[in-house]
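# Fold the following, please.
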Amino acid sequence: MSVYDRDNIFAKILRGEIPCHKVHEDEHSFAFLDIMPRALGHTLVIPKVPARNILDVSPQALCQTILTVQRVSQAAKAAFAADGITLSQFSEQAGGQVVFHLHFHVLPRFDGVALLPAHTNVESNETLAQKAAKLRAALAEIHA
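As a prediction, this is how the structure comes out:
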């Protein structure tokens, strides 16, 4: 198995070296908006522990992370009035993984609306800030 790279972009985000539009943080996980969203409110959820992907994460860290994935999914569906949610997780290069820190994509979906192609749409900071605020409010309301 390949080794975890402590200098991957998500590790740098966790250390505060790279800014992000955070929507949730607890002792186990961290959620932030994808700067290249494939859907309205596209959010990434990561564990705080160094884990390359689902193949090497501890069961405990995975359980804590998936609980956050569920909470963020519920809030995203409500915040953006989505018809459904698509979850994606890629492991290793052959599996489609690009950033080698375990992460889950939470993609609010709308009937009849296709996902945007990957890595083609860079969202403005202003738009991301507005969406992050909306999602944080929905998280607070749902999980109050």
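# When you work out contacts or count neighbours from here on, use the C-alpha atoms and nothing else.
Will do.
# State the pLDDT value of the residue lying closest to Ser124 once chain neighbours are set aside.
Distance criterion C-alpha to C-alpha, 6 or more residues apart in numbering; nearest residue to Ser124, sequence neighbours excluded, is Ile35 at 7.9 Å. Ile35 is assigned 97 on the pLDDT scale.
# that's a strand at Ile35, yeah?
No: secondary structure of Ile35 (DSSP: H, G, I helix; E, B strand; the rest coil): coil, not part of a strand.
# Give me the three-state assignment for the most centrally placed residue in the chain.
By C-alpha atoms, centre = their mean, the chain has its centre lying nearest to Leu44, at 0.7 Å. Here Leu44 is recorded as strand under three-state DSSP.
# Leu102 is in contact with that one, correct?
No: counting by C-alpha atoms under 8 Å, Leu102 is not a contact partner of Leu44; they are 9.9 Å apart.
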